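Asks: Sharing a model prediction with you, sequence too.
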Amino acid sequence: MQNRPASRAGPVARPGTSMSMAAGEFFNWADSSQPNNAGVGAARPGTRAQTAAPRTRIGTAAQSGGIPPRAQSRAQSRLGAAGGAVGGPRPPSVVARPVTQQGLAGVRSQSRAGVNRQVQDKSYYMGMLRAKINDLNREIDTLNKELERGNHDRDNFLIYEKRAEEAAMEIKSMQGKLADFNLLVDRMNTNSDLNAIQNDVSHLKDQNDMVAHEVDALFADRREKEEQIKQLEAELDSEKRRNQNLLNKLDQDARDRYSELKEMAEQVMEDARLKQQELEQLIQKKSDLEDELAVSPLKQEAMVLHERLAELQAKKEAIIEEINAEGTPEQQRERLLEKVKKDNEEIAAMQRQTDEIREKIEQYHEELRELDDEYEDQAGEKNEKYRELRQKEKQIDDFLDSFDINKAEEQERVERLHANVVKLLGHISRNWAQLDKTAVISGMDEYDLGGIGHGKMTEAKTAPELQEVHVRLQEELLKMDDMEEKAREELESLKIKIAEMDDEMGVFNDLDTLKESVEQKREGLQAERSRLETTVVEAREALKKLQAESTAIKAKLNENDAYQQVVNAEKKLQYVEQNNYALRETVEARSAETNVGPVKEQVLEMIANYNTTLVTLAATRVGSATRVAMANSPQQPY
């Protein structure tokens, strides 16, 4: 078997197993003072020869017996001392070993390397990890127990808190009962009358009922207010969402403008808040000063004198300015003339500007009206024509899509109508035969009818009964005539409809021609649509341009003082006209209240019409009664 190296690749060879040293190696006690805490890849301490003997698989297997490093070191030391191994220094004697309570102990090094393993391999770190994991598990178990105990204590706390609340409520109720009993005992000790106590109890009960009703009313009012608040909050939220949606629909410039205005509004609100605070401070300061003045007559007198001094100072300055401004009489006359001339010139210029602006406004209004009328006429006609074409196209498409179904339905309807016509003709023929028989029967005399063996006509039939039968048969004959006329009319209409449907079927049998015509109409409609869309775009652009010009003109007019004066004058004129109209209506109402002539004539006319109606109704009723009496009177049979 071939030997393999005993260590991995690295600066210094290290054992490939958990054993600290190979068999036959000796611990270098002289160098035991050097630190031995190097990890993987660091230099091993000088505990063996410079060149490690190669290991075999047998040696590796022998090392896997799990002998601790210290025991192996002690065994190697004993072997070295007994056999006098070559290649290492003599180990220390028993005298050099310190004596402890447990016996002889090894020489402790000055560093911490003596208490750790010499080889920190995988098993060493696995053991350390297991120990740490066990510590963590124990700590987790401890924390879980503390958590469970805390949850249990919390549950107990909630239970105890609930019990404490119940006990507090019970104590409160018992305190109320105790107060009632104490009051009752006091009344008994003061020899109060039982009726007085009962009156007090009833009075208190009424007060409690009143307070309970007030509390219920307040609670209902509160609920109503809360509902109103919720409704207002919902409306406010909806308005906010609607405003946000409108803001999102705006373009970027409008949103930027909105943001700027919002910031300006917030700044203005902040300034207003600061001014309000300053105003409140000044008001507070004023109230403080007024309080101080109220308690000090001397300060009040000083304030009055100070105000009088300020008034006199203002009068003095006004007089000085007036004296300085007036000058000599000639200067005053010249200034007055110049001012009058200047005012007249300004008035004339303003009048001319006002006339020019009014003419321009009227001209612009006239142009706008003409443009609006033209645009509305064109747009209305084109839109109406476009809608009609689209509707016709839709009707044609629907008709082509449902042609087969409609054709089958119409054929079924025609068949049903044919069957119905045949049935009606059969009924008519049978009724004609029955009418002929009825005519023969009605032409018989009383003696002939007495001999007929029908079940309905017997010898006991009288002349009035036969007359009644005759009238009923005549009515049935008239009904049959009406039915025959209706059947003829319906038959004629059905024939006309059948002819129309035959014509339509002849038209729609040629589907290729129909499709070509429909396709031509569709192409024409598409071309018309394109032309109308182009016209609409051009009209919209022109409208936007005109609106922009109108807006600019309105802005210029709003900036003009003369236009503002004209607008104000027009508003005053409208207000005066409204007042005149209201006054005119008031005068007419007053005159209508005092003038009863038209009302009197109207009432008399209504009374005359009512009397005429009553006379007509009475005459109609008399005629109806006469006809009924004549019909009920006995007549001779035919």
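Replies: Okay, I see it.
Asks: helix or strand right after whichever helix in the chain runs longest?
Replies: Ranked by residue count and defined by DSSP state H, the top helix of the chain is helix 329-401. Tracing the chain past helix 329-401, the next element assigned as helix or strand by DSSP states H and E is helix 403-442.
Asks: hmm, back to that, how big is the angle separating the longest helix of the chain from helix 403-442?
Replies: 70 degrees (axes from the mean of the first three to the mean of the last three Cα atoms, to 10 degrees).
Asks: tell me what helix 329-401 is packed against?
Replies: Applying 3 or more Cβ pairs under 8 Å, 6 or more residues apart in numbering; DSSP states H and E, one finds that helix 329-401 contacts helix 511-559, helix 561-594. Placement of C-beta: from N, CA and C, glycine included.
Asks: For the last one, give the mean pLDDT please.
Replies: Right, the one you point to is helix 561-594. Helix 561-594 comes out with an average pLDDT of 78.
Asks: who does it touch, helix- and strand-wise?
Replies: Contacts defined by 3+ Cβ pairs under 8 Å, 6+ apart place helix 561-594 against helix 329-401.
Asks: Now the helix it packs on: average pLDDT?
Replies: 75.
Asks: follow-up on the earlier one: hey, what's the angle from the longest helix of the chain to helix 561-594? Just curious.
Replies: 70 degrees.
Asks: before we move on, back to that, do you know which of the helices and strands packed on helix 329-401 lies nearest residue 416?
Replies: Ranking those by their distance to residue 416 (criterion: Cβ to Cβ) puts helix 511-559 first, at 26.5 Å.
Asks: Domains in the protein, by residue range?
Replies: 1-119, 193-247, 383-590, 598-629 (automatic domain parsing).
Asks: Report how many residues lie close to residue 522.
Replies: Using other Cβ atoms under 10 Å, residue 522 has 14 neighbouring residues.
Asks: Enumerate every residue touching it.
Replies: residue 393 (Cβ atoms under 8 Å, 6 or more residues apart in numbering).
Asks: Which pLDDT value belongs to it?
Replies: 82.
Asks: Quick check: what element follows the strand or helix carrying residue 238 along the chain?
Replies: In this structure, residue 238 sits in helix 194-249 according to DSSP H and E. With elements assigned by DSSP H and E, the helix or strand that comes after helix 194-249 is helix 252-295.
Asks: So which of the helices and strands packed on helix 329-401 is nearest residue 233?
Replies: Ranking the helices and strands packed on helix 329-401 by proximity to residue 233 (Cβ to Cβ) places helix 511-559 first, at 38.4 Å.
Asks: where's residue 221 relative to residue 230, distance?
Replies: Noted for residue 221: a distance of 15 Å to residue 230, by Cβ to Cβ, to the nearest Å.
Asks: same deal with residue 364?
Replies: 52 Å.
Asks: More neighbours: which of those two?
Replies: The residue with more neighbours, out of residue 364 and residue 230, is residue 364; 16 against 10, by other Cβ under 10 Å.
Asks: List the contacts of the more buried one.
Replies: Counted by Cβ under 8 Å, 6+ apart, residue 364 has contacts 550, 553.
Asks: What separation is there between it and residue 556?
Replies: To residue 556, residue 364 is 11 Å away according to Cβ to Cβ.
Asks: just residue 129 next, same as before
Replies: 89 Å.
Asks: same check, this time on residue 267
Replies: From residue 267 to residue 556 the distance is 30 Å (Cβ to Cβ).
Asks: and what of residue 371?
Replies: 19 Å.
Asks: Residue 301 now?
Replies: The value you get for residue 301 to residue 556, if Cβ to Cβ is used, is 60 Å.
Asks: and if you look at residue 608?
Replies: In terms of Cβ to Cβ, residue 608 sits 68 Å off from residue 556.
Asks: what does residue 605 give?
Replies: Taken as Cβ to Cβ, the span from residue 605 to residue 556 is 62 Å.
Asks: go on, residue 204?
Replies: Relative to residue 556, and taking Cβ to Cβ, residue 204 is found at 80 Å.
Asks: Show me what the helix or strand where residue 478 lies packs onto, helices and strands only.
Replies: Taking DSSP H and E as the definition, residue 478 sits inside helix 463-509. Packing partners of helix 463-509 (3+ Cβ pairs under 8 Å, 6+ apart): helix 403-442, helix 446-450.
Asks: The helix or strand where residue 149 lies - what's its average pLDDT?
Replies: Take DSSP H and E as the rule and residue 149 turns out to sit in helix 122-189. Helix 122-189 carries an average pLDDT of 90.
Asks: do the same with stretch 192-202
Replies: Mean predicted lDDT for stretch 192-202 stands at 81.
Asks: Show me what it is in contact with.
Replies: Under the contact criterion Cβ under 8 Å, 6+ apart, stretch 192-202 has outside partners 184, 187.
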